[in-house]
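Participant: Sequence plus the predicted model coming up.
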Amino acid sequence: MDERKRQSKVVTALTAARLYYLQDKTMDVIARELDVSRSSVSRLLSYAREVGLVDIRITSPLEHAGELEQELHDRLHVVAHVVPMPESVTEVERLERVALTAGRLLTQIIESNMVVGLAWGSTISAVSRELGQKETRGTTIVQLNGAGNTLTSGVEYSSEILQRFGSAFGAQVQQFPVPAFFDDPRTREAMWRERSTLRVLDLQAKMDLAVFSVGSPSAEVPSRVYVGGYLGRDDYRSLRDDHAIGDVATVFFRVDGSWKDIAVNARATGPGLDRLRRVARRFCIVAGAQKLPSLRAAIGAGLVTDVVLDEGLARQLAEG
């Protein structure tokens, strides 16, 4: 077998293995997606095991499995985990598949004695339902941004996500019981001097891993901050005037990655993006082409070290 055919077979076997082992797809479903026979899928899975693509985890003979993943690493300097799927899937199923893969990966990544920062939202909520069970010791899950607004305290929503992570890893959970946005920047400044707040901020400063998505006002599966009553008309007008295109943990940024002079950020409770960049591993989970501008800006600003994303979005990101 010449090298080009061997590489093609490796890529196809890797796709089949990911669908089968990470996304729990049946051989019949995989056969339809790859446009091959069921027996061919069986042979591909056997080949994947024989050549070492599949061990306890799905791996690759390449430093980063798959052509797209390698290209994204070479061009953007991120570790990409591309979730294969046909273009015909709905946006809800797209998110579910990405969340399933992210949940499996986080089960591998999170270890004892880690401090894991968590930004609540629609995507991270989906991921929290797909975590495997892994007993750790001395691990802490800390909330990165407040969740309250004028309609709700946000505690129940954010607490459910945090508790799922805590239960999956036997970890201690630290909530951040402040609103997502204060009404007045001076209130935020005063709260940031309180000892109870400083304790959470100190824990955030010790993060080994940050887990988040990027928000986008145009996503078909809406980012919660844009639909959950967190922003009013004046806020949207202000964000438009400041040319904000997305957010991480309710801190907004522009296409060039700048953020400090966006007015709404003076009232936001998420970590400053300079603070986020100091975290050793920054694990971003994204689904849907509508999030391309905000994802590209976040990567360009150095906010992301690892990204889990759907195949369609990955191709658009690679095209530049």
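Facilitator: Happy to help now that I have it.
Participant: The most centrally placed residue in the chain: what's it in contact with?
Facilitator: Taking C-alpha atoms, centre = their mean, the centroid of the chain lies closest to residue 285, which sits 1.8 Å from it. Shown in contact with residue 285 (C-beta atoms under 8 Å, 6 or more residues apart in numbering): 98, 99, 102, 123, 124, 127, 211, 212, 213, 307, 308, 309. To be clear about C-beta, it is placed using only N, CA and C from the backbone, and glycine gets the same treatment.
Participant: So which of the residues you listed belong to strands?
Facilitator: 211, 212, 307, 308, 309 (DSSP state E).
Participant: the strands in the stretch 151-300 of the chain, which residues?
Facilitator: 172-174, 209-212, 246-248, 251-253, 281-286 (DSSP state E, counting those that start in this stretch).
Participant: so can I have CSV of those showing distance to residue 14 and mean pLDDT?
Facilitator: Formatted as CSV, the strands of the stretch 151-300 of the chain follow (distance: least, C-beta to C-beta, whole Å; pLDDT from 0 to 100):
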stretch, distance to residue 14, mean pLDDT
strand 172-174, 36, 97
strand 209-212, 25, 98
strand 246-248, 30, 94
strand 251-253, 34, 96
strand 281-286, 20, 98
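Participant: right, so those: which one is the most enclosed?
Facilitator: Mean neighbour counts were taken over the strands of the stretch 151-300 of the chain using mean count of other C-beta atoms under 10 Å, and the top value, a mean of 28, falls to strand 246-248.
Participant: That one packs against which elements?
Facilitator: For strand 246-248, the elements it packs on are strand 251-253, helix 292-300, judged by 3 or more C-beta pairs under 8 Å, 6 or more residues apart in numbering; DSSP states H and E.
Participant: and the ones you listed, which is most packed in?
Facilitator: Buried most deeply of the helices and strands packed on strand 246-248, by mean count of other C-beta under 10 Å, is strand 251-253, with a mean of 26.
Participant: Other residues contacting that strand?
Facilitator: So strand 251-253 is contacted by 145, 239, 242, 244-247, 259, 262, 264-265, 268, 270-273, 276, 294, 297-298, 301 (C-beta under 8 Å, 6+ apart).
Participant: strand partners of that strand, parallel vs antiparallel please.
Facilitator: When sheet partners are counted by DSSP bridges, strand 251-253 sits next to strand 246-248 (antiparallel).
Participant: what residues does the partner strand touch?
Facilitator: Counting by C-beta under 8 Å, 6+ apart, 119, 212-216, 223, 225, 252-253, 270, 273, 276, 291, 293-295, 297-298, 303 sit against strand 246-248.
Participant: the helices in this structure, which residues?
Facilitator: Per DSSP state H, the chain carries helices over the ranges 3-17, 27-34, 38-50, 67-76, 91-109, 122-128, 155-169, 185-191, 195-205, 224-227, 233-241, 273-277, 292-300, 311-319.
Participant: For the first one, what is the distance to the chain centroid?
Facilitator: Helix 3-17 has its average C-alpha position 27 Å from the chain's average C-alpha position, going by C-alpha atoms, centre = their mean, to the nearest Å.
Participant: between that helix and helix 27-34, what angle do the directions make?
Facilitator: Calculated by axes from the mean of the first three to the mean of the last three C-alpha atoms, to 10 degrees, helix 3-17 forms an angle of 130 degrees with helix 27-34.
Participant: In helix 3-17, which residues are buried?
Facilitator: 9, 10, 11, 12, 13, 14, 15, 16, 17 (16 or more other C-beta atoms under 10 Å).
Participant: repeat for the fifth one
Facilitator: Residues of helix 91-109 classed as buried under the neighbour-count rule (16+ other C-beta under 10 Å) are 94-106, 109.
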